[in-house]
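Novice: Need coordinates for the below:
(2 chains)
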Amino acid sequence: MGSLLDRVRSGDQDAFAVFVDRYGLKVLRIATLIVRDPDLAEDVCQEVFLKGWRRIGSLEGEDPEAWLSRIAANEAISAWRRRNRLAALRERLGLVPRRGEAATSDERVDLARALDRLGAGDRAVLVLHYYRDLSVEATAAALGIPVDTAKSRLKAALRRLRELTGASEGAT
Amino acid sequence: MSQFEEDLRTHLGGEAERIPAVPRELWLRIVEGDTGFHVNRLAVASAAVAALFILGAVALLAQPRPGPAGGPVEAASPRTSPKPSPPGKPSPAVPAASAFSCGATPAGGTQSAVGNLTALRVAHQNGFDRVTFEFAGAGIPVYQVSQQADAHFKEDASGRDINLQGQRGLKVVFHGAGTADAAGQPTYTGGNDLTLSPGGAIAEVRAVGNFERVLSWGVGLNAARGCLRVTELAAPERLVIDVQDSPPAG
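Specialist: Residues are numbered from 1 along each chain as shown, chains lettered A, B, ... in the order given. Sure thing, here's the model as predicted:
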């Protein structure tokens, strides 16, 4: 692996292609789970590898998959927020019709739709912890937030998912 | 772990498994576009956010409530309109490759354009190195590219000496340009000092000034002569400077 990274660092395009082959799907999956939009996820994936290529020199001793996952999670959050800001501005300027209100609290939805209704920051915590199997501490480090914030965000996101899906709090 | 958490883990895994592979088009965008013309909808979206932010501020100042859809739309810059091509598709690369010009000191841009740098890319290509400046805004800010016989620069406005790698230099100056939007949010968060692996025409690209809307970058060249090809591209706005690897003798 060291030699592949060295080759990528030296600007070897073939090595970079192998690098993308090796990690592209993992990055795309994380991005998709967080942004919930295939097109936006592809943009995030592209941006992750562009940033990865630029910053490959800073990858010292860290597992490339973990490193890329971290970039992917943060990039996904940023991309999702940018798009939402843009959508909100377009609505405010009357360029597009206003979106309908979210479902009422009485409406029960499945887990996929419940995840759709969370913010990207909350989804990122869930994805890193439950999909990537990172500890809460590692999740917090990956997102650059305090551990207590990650814990409370995790707790709040789970509570919101339970509310939306109608799952009982005590379900074990 | 509760049953609900187990269900969530299973669900996320299932959603991920539904993506069997990286689509070929995306793979090509990443691998073949990584070092060259990288068209990214995120950058386009950022530019659109910036443009809409300005429009929104103007509209809201002029009228407390958003008016009918027709008003603000007319005020919108055509540059913020949806692109004619599907988003995310690679935009045309350099149109019909023009010739390199040795010793050239190109200048151009849009006189009234005010732009903020959103991305800077430097890459080896086949026979030349390419540096791409990407801007949010309508038009590329007015620019000048000057050549110099060394790679020493003076930082604007401190006057501090900056020595880049390489034997020659290019100075690229943009007027009416910066790296933060009207709200003070950075639009460019990339590196200010990019060093390329040896062997190409460009050795280093470094910020040498960002003062009072004048943005300056120095380019250290390995090439014995600065043979350039400069191209302006739109959507997003980019200034592309190619430096030939092995310019003709003379």
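Novice: Skipping adjacent residues, who's closest to residue 110 in space?
Specialist: In the absence of a named chain, this looks at chain A. residue A:165 (6.7 Å; Cβ to Cβ, 6 or more residues apart in numbering or on different chains). Where you see a C-beta, it was placed from the backbone N, CA and C, and this is true even at glycine.
Novice: hm, I was asking about chain B
Specialist: Nearest non-adjacent residue to residue B:110 (Cβ to Cβ, 6+ apart): residue B:139, at 3.1 Å.
Novice: so who does residue B:116 touch?
Specialist: B:50, B:135-137, B:177-181, B:187-188 (Cβ atoms under 8 Å, 6 or more residues apart in numbering or on different chains).
Novice: for the chain, what are the low-confidence residue spans?
Specialist: Unless you meant another one, I'm taking chain A. A:1-2, A:86-88, A:90-91, A:94-108, A:168-172 (pLDDT under 70).
Novice: Chain B is the one I meant
Specialist: Ranges of chain B meeting pLDDT under 70: B:33-98, B:247-250.
Novice: Helices along that one, start to end?
Specialist: Under the criterion DSSP state H, chain B contains helices at B:3-17, B:24-31, B:41-62, B:70-75.
Novice: just to revisit the earlier point, name the member of the contacts of residue B:116 with the most neighbours.
Specialist: residue B:135 (29 neighbours; other Cβ atoms under 10 Å in any protein chain shown).
Novice: what about the helices in chain A?
Specialist: All helices of chain A, identified by DSSP H, fall at A:2-9, A:13-35, A:38-55, A:64-92, A:111-116, A:120-126, A:136-143, A:147-165.
Novice: To residue B:108, which of these lies closest?
Specialist: Among those, helix A:38-55 comes nearest to residue B:108, with 26.1 Å by Cβ to Cβ.
Novice: Verify the stated contact: residue B:119 with residue B:187.
Specialist: No. Residue B:119 is beyond contact range of residue B:187, at 9.1 Å (criterion: Cβ atoms under 8 Å).
Novice: Tell me how far residue B:230 lies from residue B:107.
Specialist: Separation of residue B:230 from residue B:107 (Cβ to Cβ, to the nearest Å) stands at 9 Å.
Novice: shared neighbours of the two, which are they?
Specialist: With Cβ under 8 Å, 6+ apart, residue B:230 and residue B:107 have common neighbours residue B:145.
Novice: Which one's more surrounded, these two?
Specialist: residue B:230 (20 against 12).
Novice: check whether stretch B:127-137 contacts chain A.
Specialist: No. Judged by Cβ under 8 Å from any Cβ of the partner chain, stretch B:127-137 and chain A are separated, with a smallest distance of 10.5 Å.
Novice: Could you export that stretch as CSV, CA atoms only?
Specialist: Provided in CSV are the C-alpha atoms of stretch B:127-137 (Å, rounded to 0.1, in the frame of the first residue of the first chain):
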residue,chain,number,x,y,z
GLY,B,127,3.6,18.1,-22.7
PHE,B,128,2.6,21.0,-20.5
ASP,B,129,1.6,21.9,-17.0
ARG,B,130,-1.7,23.5,-16.3
VAL,B,131,-2.8,25.9,-13.6
THR,B,132,-6.5,26.7,-13.3
PHE,B,133,-8.0,29.5,-11.4
GLU,B,134,-11.7,29.1,-10.8
PHE,B,135,-14.0,32.0,-9.7
ALA,B,136,-17.5,32.5,-8.4
GLY,B,137,-19.1,35.4,-10.1
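Novice: Run the chain-centre distance for that stretch.
Specialist: 6 Å (Cα atoms, centre = their mean, to the nearest Å).
Novice: picking that back up, list the ones among the contacts of residue B:116 that fall in strands.
Specialist: Of these, the ones assigned to strands by DSSP state E are B:135-136, B:177-178.
Novice: Tell me if I'm right that residue A:16 and residue B:32 touch.
Specialist: No. The criterion here is Cβ under 8 Å, and residue A:16 misses it with residue B:32 at 10.1 Å.
Novice: Between these two, tell me which one has more neighbours.
Specialist: More crowded of residue A:16 and residue B:32, by other Cβ under 10 Å: residue A:16, with 22 against 14.
Novice: And that one, how far from chain B?
Specialist: Distance of residue A:16 to chain B, computed by Cβ to the nearest Cβ, to the nearest Å: 6 Å.
Novice: what's across from residue B:116 in the sheet?
Specialist: Beta-bridge pairing for residue B:116 (DSSP bridges): residue B:136, residue B:178.
Novice: repeat for the one 4 residues further on
Specialist: Residues found in beta-bridge contact with residue B:120 (criterion: DSSP bridges) are residue B:133.
Novice: That one: neighbouring residues, count only.
Specialist: Count around residue B:120 with other Cβ under 10 Å applied: 19.
Novice: In contact with it, which residues are there?
Specialist: If a contact means Cβ under 8 Å, 6+ apart, then residue B:120 has B:131-134, B:188, B:190-191, B:194, B:205, B:217 as its contacts.
Novice: With residue A:11 instead?
Specialist: Applying Cβ under 8 Å, 6+ apart, the residues near residue A:11 are B:35, B:123-124, B:196-197.
Novice: Likewise for residue B:166?
Specialist: Residue B:166 neighbours (Cβ under 8 Å, 6+ apart): B:151, B:202-204, B:219-222.
Novice: And for the closest residue to it other than its chain neighbours, the neighbour number?
Specialist: Nearest residue to residue B:166, sequence neighbours excluded (Cβ to Cβ, 6+ apart): residue B:220, at 3.1 Å. Residue B:220 is flanked by 24 other residues according to other Cβ under 10 Å.
Novice: Residue B:220 pairs with what?
Specialist: residue B:169, residue B:204.
Novice: where's it relative to chain A, distance?
Specialist: From residue B:220 to chain A the distance is 16 Å (Cβ to the nearest Cβ).
Novice: I figured that residue was touching residue B:162, is that so?
Specialist: No. Taking Cβ under 8 Å as the definition, residue B:220 is not a contact partner of residue B:162, at 9.8 Å.
Novice: Please identify every residue contacting each of these two.
Specialist: Residues within reach of residue B:220 and of residue B:162 at once, by Cβ under 8 Å, 6+ apart, are residue B:206.
Novice: ok, residue B:219 - contacts?
Specialist: Counting by Cβ under 8 Å, 6+ apart, residue B:219 touches B:131, B:164, B:166, B:169-172, B:202, B:204-205, B:241, B:243.
Novice: and what of residue B:226?
Specialist: B:102-104, B:147, B:168, B:170, B:243, B:247.
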